[in-house]
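Q: need the 3D shape of this:
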Amino acid sequence: MIIQNQKVKINWNNKNKRYYESLGYNYTLLGNSFEVNIEHLLTNSTFLIQVQCDYCKEIYTKGYNV
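A: Take a look at the predicted model:
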């Protein structure tokens, strides 16, 4: 199970600017980093996130993909 309320740092670029602005993120400059909730990541994102095993409750890191 994905641990909720996680954030990752990403950089502004021409491909993600419009998407994240539509979600309410404040644009700064191309190349600047900002924090994004993992629930808002694009489907082709490749970040490591924290997950918890449903059976043993151990927390570990896994690659994000939808």
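Q: for stretch 53-61, how far is the first residue from the last?
A: 11 Å (Cα to Cα, to the nearest Å).
Q: ignore what I typed, I meant stretch 26-41.
A: The first residue of stretch 26-41 is 16 Å away from its last residue (Cα to Cα).
Q: check stretch 11-31 too.
A: Distance between the boundary residues of stretch 11-31 (Cα to Cα) amounts to 5 Å.
Q: check stretch 3-19 too.
A: Note: stretch 3-19 ends 23 Å apart using Cα to Cα.
Q: ok, now stretch 12-30?
A: 5 Å.
Q: how far does that stretch sit from its chain's centre?
A: 13 Å (Cα atoms, centre = their mean, to the nearest Å).
Q: kindly report the same for stretch 42-57.
A: Chain-centre distance of stretch 42-57: 11 Å, with Cα atoms, centre = their mean.
Q: list the buried residues in stretch 54-66.
A: Neighbour-count burial for stretch 54-66 flags residue 64 (criterion: 16 or more other Cβ atoms under 10 Å). Placement of C-beta: from N, CA and C, glycine included.
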